[in-house]
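Trainee: Fold the following.
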Amino acid sequence: MEKGSNLPTTFLDLLNNTYDDADLVQLLANDLTAQQHENTEIYESENIDFNQQVLDIQEEENHEMEIEEDEDDYMADDFMNINSSMIQEAEDEELMELEDEENFGRLLSEAQAIGKDLTTGDSLPHLWQNLEKEWTEFNRDLRITSGIGKIRRSRSGPRIRTLSPTLKTLLGEANLHYVNKDYPKAIEVLQEVVKIDPNIHIAWFTLGTIQDEMGCPEKALQLYLVAAHLTPNDGSLWKRLGLLSKNQNAIHQAIYCFSKAIRCDHHDEDAIWDRSILYAEIGEYKKALDGFRGLLKEMPYDMNVIREITRIHVQLNEIPQAIELFNDAYRYYRNNPISEDPVSEGGFGYSEINIMAELYMLANDFNNAIDFIKRGVRWLQGREDEVWWDTVADDREYDEDENANRRENSILSARLNGVVNTGGTNAPLPLELRVKFGQCRIELEQLEEGKLHFTYLEFFDVENYVDLYYEVAETYSEKGLHEDALGIYEAIVSNEKTDSPTAWLRMGICHRELGNLESAVEHFSAAVEEMPDDLDAKMALAESYESLGENSKALEMVNSVLEVRRKQRADNEAKTTQEYLSSINPQLGEDNLDHSITTMDHDSSLINQVSESSKASAYAKAQEERRRKEAEKEKELQIQYHRLELLYSRYKDGDQQSANEFLEGAKVLFAEFKNHKPFYPRDKMVPYKGFDRRRCWRRQMALKSEIADDGDDAALEEQATTMAKRLQWQIDGEIGEIEAEIRKRMVEFQGLKFDQWYEFFVQYVYMATKNGHEQEAFDVLRTVSRANVFYHNDRQKTGFKLLLLAWGLYTRNYLVVCESSRWLCNNKPFNSKVYNLYDAGMSSGTNALSCYAAANSQKYFLRQVKLMDTGGYDPRQGGKKCEIPDKKNEALLALYGHILACARSYIGAIGYYARAYARRPNDPVVSLSMGLAYLHRALQRQSDNRHIQVVQGFAFLYNYAEIRAYNQEAEYNLGRAFHHIGLTHLAISHYEKSLKLPSLLQVINPQKDDDGDDGEDETDLRKEAAYNLSLIYNESGSPGLAATLLRKYCTI
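Mentor: A predicted model of the protein is given here:
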């Protein structure tokens, strides 16, 4: 065909005929001119001739009428612009730029993907090569020469066109063929219509409809888009196109269509919603938030919108903002009448309470999560006035028939206390919220209450609530309750519909944590067989094999992991190469690309043969450079370490200025230690087995071209490589230079032995705590104590726990003191010293008392007592016997008696004190505690024989005084006891004796005279005795004697 002999009139002709690039550009000029001819002031009766210097436009009917319409439209546009908001103007500018400069070119690019005849489906992809480039160049030249294509505001509404009789006849004929399902004939007629006038949108729309019904949604979408651009103010069409684009996974195109629909109607809630959802899907969270917040202004407190905003806040880790948003909505709905179906009307229901509880749990605020569930459920159930449930510490409010006795007891107690309208029916609770209750209770160490909630899950089918079963099992595992987690997983695998390799893998992890390595291997093997591509499962199996001593099997499994990683790396390199070649030559097809890769591989083999020696030389140089840098880094850290030692010594000698220098330098060493990943494996039970830096360096060089998010796989490969080397050495029995280096690294890091690191961290925590950086010290201590090099060293792990205990005492953080003391009691059971340490750590203060006698502590020590009484049998340890002393531990018995006494359960306390007294009758603390318990019991209303209990109490108190040789402490306590029960005349003599006796410190150090600085002697009780004695004198009418005592002993 000769150029220019039969030029196409529309781009549809290109779908059915073959033209070269010059014809294509000529066609684009015609179509663009036909589309833009309404925006220009040049109207001629000639067609475009590209040989002319000035482009002319075809003559159009009603020329003068359209000029007037243009002027009216521009006036309407100006008026709308003045009254539009700033946000809408910015959005219009962005969308108009897309519309006028890119839309038609983008449509043609989409047509490139179709490349088929509308009737026969023949593919002509070669027509569309370089189409976007040609269109861009042509559009730029055209705008420069004639001003066509300039950006302008859209019209306020579509122009009503007057169709010629010929077009009307053709459209009627096409519609008739369409109604009769004669699609090829209809397409042929419609093609004729668009040849005559390509700006008739109904023709394009009908073509799209036909393609849609013929099962070609991609073609239909592109034709619909042409029709939509010809009627830009048809918002419903733009929304339909947005949904179609979304269904075809063309997210950005869908966003564009919804934006056009929003331009047509700024209050179109559906379009704004859909666009915001898509923005969130592609990670444009700010734009998504803007859209949802706009909807929230139109629909205040609509929970559907609030839920989407909350999801975005969670993605951005903005949990406090999400909680505040939900709390505002809760307050609004709580103060307004709720509908019968709040969810269907966008209101606040059980699902919203569940989401709010999850938000609190994400913020680790489990107490507030529990409180919100209780308050929210009461409100939804119309029981807000039942506030008396707040006095109950547990969740018996929602107990069902199995635990109805707890609920009835609470109701009875409330009625006895004068509370009305308590009600007696069970309060229903959705299962999801009950599981949340249990999770929060478990996180708060309230295990019995949490497990009670989880028992309700057993009454529901696993297949209907498998997600909840997994959540419960994971909660147990995270808290170290692996046996309980196994029970849940067993319920999951016992059901055919929920049985899965994922459950087997997690069961294997639980068995490994419990030390059941054979069962762990069995479950891991089954999981690997069903999931051969799961590298984590293979590594878990390899580690279990290694723990069992089956090194050959472990090595085989690790090698399979490395083989998979090599294949993945090769695939990534091939993908990178393909993308690189495509960027260089976009015209490369698939066949040419494969041929290029094959040729490249063949040529590279020749290069490899030539350059082996040069590569070896380069590798040796790189190795030497790496060793040099590593040695320099180690030397710098060692110098810093010795510098810190000198600064610490200067601080101990009284140089306060060296503290800040020490803390600044210590941060460098701490960061180096903390960022060493082998110290913090994913499984903390894996001990430190060395770290090969050379393998890490080679891995970094090999993976340099991989994608950025491949970090987890790379770390897995590093772990597998190190493990493979270690296993091979064990199998071969080699002890070479490399193994010696690895063994060296198992006892040191950066040239410093781990004992030196341990001493350094102890000094760091001490210095930070003493100089006002308590939180920094706590964070450092928590971090380093989790490192596997210390976690698996009993001496150092115990040392860190004692240091944490000291930190808690210094900062008066008694929760930390309680946690650390209980850890010592758990790891050193039936040792009197650790129980005495628990007593001494929380010996005074209301805050200490609340932790000392907390419910979880009481339950823990009761279990310890029962364990001691039953001979050390603990069913949670698989029936294994614990090491127990031959005799009962009186310190544990006395400790539990103290806890009961703090709870004012004196009868129970007396029982345990009596057991302790039977073991050690000469222990003054036991006798003192026993006497006080009898006195306190005598003063209670339920006492059946108050006088005998007072006598018994003083019998033990005088026994205590004899053991203490009636020293100042004993005389004061006797006086305080008589004072407490109102026998003040007997208390006076003991108070006066305590004023004359020396303090404990003076007894130990007789050289300290009475006129010394009494403020430094914390064992001197004269001030307390004088104050109590003055109270008695005042009550008896002797204020002069009281003033004399206060002046002598209590005046500073």
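
Trainee: Per the annotation, how does the chain divide into domains?
Mentor: Following automatic domain parsing, one finds the domains of the chain at 7-86+102-153, 300-386, 629-676+749-811, 964-1006+1014-1052.

Trainee: just flag whichever of those domains has the lowest average confidence.
Mentor: Lowest mean pLDDT of the domains of the chain: domain 7-86+102-153, a mean of 40.

Trainee: can you give me phi and psi for residue 749?
Mentor: With angles defined as degrees, to the nearest 10, residue 749 shows backbone torsions of phi -150, psi 130.

Trainee: Who are the contact partners of it?
Mentor: By CB atoms under 8 Å, 6 or more residues apart in numbering, the residues touching residue 749 are 673, 676, 757, 789. Backbone N, C-alpha and C define where each C-beta goes, glycine included.

Trainee: So how do I select the buried members of those residues in PyMOL?
Mentor: PyMOL command restricting those to the buried ones, with burial defined by 16 or more other CB atoms under 10 Å:
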select buried, resi 673+757+789
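
Trainee: would JSON lines of the contacts of residue 749 with distance to residue 778 and secondary structure be doable?
Mentor: Shown next, in JSON lines, are those (distance: CB to CB, whole Å; DSSP: H, G, I helix; E, B strand; the rest coil):
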{"residue": "673", "distance to residue 778": "17", "secondary structure": "helix"}
{"residue": "676", "distance to residue 778": "21", "secondary structure": "coil"}
{"residue": "757", "distance to residue 778": "18", "secondary structure": "helix"}
{"residue": "789", "distance to residue 778": "20", "secondary structure": "helix"}
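
Trainee: possible to save the contacts of residue 749 as a markdown table with distance to residue 497?
Mentor: Formatted as a markdown table, these follow (distance: CB to CB, whole Å):
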| residue | distance to residue 497 |
| --- | --- |
| 673 | 48 |
| 676 | 45 |
| 757 | 52 |
| 789 | 45 |
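
Trainee: which two in the contacts of residue 749 are spaced the farthest apart?
Mentor: Maximum pairwise distance in the contacts of residue 749, criterion CB to CB, is 10.7 Å, between 676 and 757.

Trainee: for the stretch 501-650 of the chain, which spans come out with low pLDDT?
Mentor: Across the stretch 501-650 of the chain, the ranges flagged by pLDDT under 70 are 576-623.

Trainee: And what about the residue lying closest to residue 1018 once chain neighbours are set aside, helix, strand or coil?
Mentor: Leaving aside its chain neighbours, residue 1018 sits nearest to residue 1001 (7.9 Å; criterion: CB to CB, 6 or more residues apart in numbering). Following DSSP: H, G, I helix; E, B strand; the rest coil, the label given to residue 1001 is helix.

Trainee: Residue 1001 contacts residue 969, correct?
Mentor: No. With contact defined as CB atoms under 8 Å, residue 1001 and residue 969 do not form a contacting pair (11.5 Å).

Trainee: so what sits against both of those two?
Mentor: residue 1019.

Trainee: So which of those two has more stuff around it?
Mentor: residue 969 (20 against 14; other CB atoms under 10 Å).

Trainee: picking that back up, nearest to residue 446, out of the contacts of residue 749: which one, please.
Mentor: residue 789 (33.5 Å).

Trainee: from memory that closest one sits against residue 679, does it?
Mentor: Yes. Look at residue 789 against residue 679 with CB under 8 Å: they come within range, at 6.0 Å.

Trainee: what about residue 501, how many neighbours?
Mentor: Residue 501: 17 neighbours (other CB under 10 Å).

Trainee: Name the residues of the one helix or strand residue 824 maps to that are buried.
Mentor: Assigning secondary structure by DSSP states H and E places residue 824 in helix 814-827. For helix 814-827, burial by neighbour count (16+ other CB under 10 Å) applies to 814, 816, 817, 818, 819, 820, 821, 822, 823, 824, 825.

Trainee: Excluding chain neighbours, what is closest to the first one?
Mentor: Distances taken as CB to CB, 6+ apart place residue 851 nearest to residue 814, at 4.3 Å, with adjacent residues excluded.

Trainee: Against residue 364, how distant is that neighbour?
Mentor: According to CB to CB, to the nearest Å, residue 851 and residue 364 sit 19 Å apart.

Trainee: again with residue 559
Mentor: From residue 559 to residue 364 the distance is 41 Å (CB to CB).

Trainee: okay, the two: which has more neighbours?
Mentor: Under the criterion of other CB under 10 Å, the comparison of residue 559 against residue 364 puts residue 559 first, with 15 against 9.

Trainee: mind exporting stretch 387-401 as CSV, just the C-alpha atoms?
Mentor: Taking C-alpha atoms only, stretch 387-401 is exported to CSV below (Å, rounded to 0.1, in the frame of the first residue of the first chain):
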residue,chain,number,x,y,z
VAL,A,387,-22.2,-1.2,87.9
TRP,A,388,-21.8,-3.3,91.0
TRP,A,389,-20.1,-5.9,88.8
ASP,A,390,-17.1,-3.5,88.8
THR,A,391,-16.4,-4.5,92.4
VAL,A,392,-15.7,-8.1,91.3
ALA,A,393,-12.1,-8.6,90.2
ASP,A,394,-12.8,-11.5,87.9
ASP,A,395,-15.3,-12.1,85.0
ARG,A,396,-18.0,-14.1,86.8
GLU,A,397,-20.5,-11.7,85.4
TYR,A,398,-20.4,-13.8,82.2
ASP,A,399,-20.3,-17.2,83.8
GLU,A,400,-22.7,-19.7,82.4
ASP,A,401,-24.3,-22.8,83.9
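
Trainee: Number of residues surrounding residue 1050?
Mentor: Neighbours of residue 1050 using other CB under 10 Å come to 13.

Trainee: do residue 233 as well
Mentor: Neighbours of residue 233 (other CB under 10 Å): 17.

Trainee: Mind giving me the packing neighbours of the helix holding residue 824?
Mentor: Judged by 3 or more CB pairs under 8 Å, 6 or more residues apart in numbering; DSSP states H and E, the packing partners of helix 814-827 are helix 794-811, helix 832-841, helix 846-852, helix 855-869.

Trainee: Try it again at 6 Å.
Mentor: helix 794-811, helix 832-841, helix 846-852 (3 or more CB pairs under 6 Å, 6 or more residues apart in numbering; DSSP states H and E).

Trainee: which other helices and strands contact the shortest one?
Mentor: The elements that helix 846-852 packs onto, with contact taken as 3+ CB pairs under 6 Å, 6+ apart, are helix 814-827.

Trainee: Apart from its neighbours in sequence, what residue is nearest residue 512?
Mentor: Closest to residue 512 by CB to CB, 6+ apart is residue 520, at 4.0 Å.

Trainee: need the contact list for that neighbour.
Mentor: Neighbouring residues of residue 520 by CB atoms under 6 Å, 6 or more residues apart in numbering: 508, 511, 512, 544.

Trainee: Would you mind measuring from it to residue 488?
Mentor: On the measure of CB to CB, residue 520 and residue 488 end up 17 Å apart.
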